[in-house]
Structure formats: C-alpha cells, structure tokens
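> Quick one, structure for this:
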Amino acid sequence: MRANDIRELSVEDMKARIAELEEERFRLNFRSATEPLEDPLRLRWIRKDIARLKTILRERELESAR
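Residues are numbered from 1 along each chain as shown. Purely as a prediction, here's the structure:
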C-alpha cells in the first residue's frame with residue numbers, strides 16, 4: 001500500500017486496515033512457527049504497511065492538535 005493511497009483513506013478506514021493487518025500478521029507468525037510459509041516476505045510487507053498507516057494516522061493527529 002502506497003503512502004498516497006493511505007492518505008486518501010479516512011481515519012476509521014485506516015484503523016480498520018491496521019486491525020486487519022495486525023490480525024493477518026498474528027496468523028502468519030503463528031503458522032510460521034508450525035510450517036514454512038509460502039511467502040515469508042509477506043510478514044515484512046505487512047509490518048511496513050502497519051508502520052505506514054500508523055505514521056500517517058499520527059501525522060493527522062498532530063495536524064488536528066494545532
């Protein structure tokens with residue numbers, strides 16, 4: 001997910017997307033402990049997407065506090 005795409009989302013959509021990605025990350029981590037993953041880089045992409053979403057969410061919080 002690109003930063004420009006994320007900026008178009010509403011705050012509620014971003015929070016929902018973060019929750020979805022964190023759940024998927026949990027499931028993949030759990031599965032990786034028991035069996036090899038088909039796409040192990042997916043964990044990295046999920047982690048980075050969560051970070052992007054949280055960063056832009058924080059930027060909006062700081063903008064609204066001004």
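
> And I18, how close does it get to L9?
According to Cβ to Cβ, to the nearest Å, I18 stands 11 Å off from L9. Any C-beta I mention is one placed from the backbone N, CA and C, and that applies to glycine too.

> Let's see the worst-scoring helix or strand of the chain on mean pLDDT as CSV, backbone CA atoms only.
Sorted by mean pLDDT, DSSP states H and E, the helices and strands of the chain end with helix 3-7, the least confident at a mean of 90. The C-alpha trace of helix 3-7 is given here as CSV (Å, rounded to 0.1, in the frame of the first residue of the first chain):
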residue,chain,number,x,y,z
ALA,A,3,1.5,6.4,1.2
ASN,A,4,-0.6,8.4,-1.3
ASP,A,5,-3.3,5.7,-1.2
ILE,A,6,-3.2,5.7,2.6
ARG,A,7,-3.7,9.5,2.7
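
> elements contacting the helix or strand just after that helix?
Counting by DSSP states H and E, the next helix or strand C-terminal to helix 3-7 is helix 11-34. In terms of contacts (3 or more Cβ pairs under 8 Å, 6 or more residues apart in numbering; DSSP states H and E), helix 11-34 is packed against helix 41-65.

> and I50, how many neighbours?
19 (other Cβ atoms under 10 Å).

> That one and E23 touch, don't they?
No - between I50 and E23 there is no contact under Cβ atoms under 8 Å: 10.9 Å.

> got any ranges where the protein has weak pLDDT?
Along the chain, the model assigns pLDDT under 70 to no residue.

> Which residue lies nearest the spatial centre of it?
I50 (2.2 Å; Cα atoms, centre = their mean).

> how about the nearest residue to that one, chain neighbours excluded?
Spatial nearest neighbour of I50, excluding adjacent residues (Cβ to Cβ, 6 or more residues apart in numbering): L21 at 5.1 Å.

> So what's the residue count around the one you found?
18.

> Quick check: it touching I46?
Yes - contact status for L21 versus I46: in contact at 5.2 Å, counting by Cβ under 8 Å.
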